[in-house]
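Participant: No sequence on hand, only this structure:
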């Protein structure tokens, strides 16, 4: 549980005290910092609690599509066909 919490903390912190802090790599593991940067870039400058497209953040849908395509032996998966929800009942 530590790594996801580290990543989420870095995503939610202001950049100056988070991913852009001069000592960030002494405070957090490099892979957590790298993933937080990817997530922040994918959010396009919006916070993690901000509303996104009704299908979900495009960067996350791209990651999901890539995972599905790899998992399913190369069968195409398109981000535009993916709708992220809070669960099966919410969608």
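Facilitator: Everything's here; your move. If you're wondering where the values come from, they're calculated on a predicted model, not measured in any experiment.
Participant: what ranges do the helices span in the chain?
Facilitator: 2-12, 24-27, 30-42, 58-71 (DSSP state H).
Participant: Tabulate those in TSV, adding columns for mean pLDDT, distance to residue 86 and mean neighbour count.
Facilitator: Yep, even glycine has a C-beta here, placed from its N, CA and C like the rest. Output for the helices of the chain, formatted as TSV (pLDDT from 0 to 100; distance: least, C-beta to C-beta, whole Å; neighbours: other C-beta atoms under 10 Å):
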stretch	mean pLDDT	distance to residue 86	mean neighbour count
helix 2-12	95	17	15
helix 24-27	96	31	12
helix 30-42	95	18	16
helix 58-71	95	14	15
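Participant: From residue 76, how far off is the most centrally placed residue in the chain?
Facilitator: The centre of the chain sits closest to residue 39, judged by C-alpha atoms, centre = their mean, with a distance of 3.7 Å. Here the criterion is C-beta to C-beta, to the nearest Å. By it, residue 39 lies 25 Å from residue 76.
Participant: Please apply the same query to residue 47.
Facilitator: In this view, residue 47 and residue 76 are 32 Å apart by C-beta to C-beta.
Participant: Over to residue 67?
Facilitator: In terms of C-beta to C-beta, residue 67 sits 13 Å off from residue 76.
Participant: residues shared between the contacts of those two?
Facilitator: Contact with both residue 67 and residue 76 is made by no residue, according to C-beta atoms under 8 Å, 6 or more residues apart in numbering.
Participant: how many other residues sit next to residue 87?
Facilitator: Per other C-beta atoms under 10 Å, the neighbour tally for residue 87 reads 6.
Participant: Contact partners for it?
Facilitator: Applying C-beta under 8 Å, 6+ apart, no residues qualify as near residue 87.
Participant: Quick check: phi and psi at it.
Facilitator: Dihedral pair for residue 87: phi 160, psi 180, per degrees, to the nearest 10.
Participant: Okay, it and residue 43: tell me how far apart.
Facilitator: For residue 87, the distance to residue 43 (C-beta to C-beta) stands at 21 Å.
Participant: Stretch 11-21: end-to-end distance?
Facilitator: 13 Å (C-alpha to C-alpha, to the nearest Å).
Participant: That concludes my questions; thank you for your assistance.
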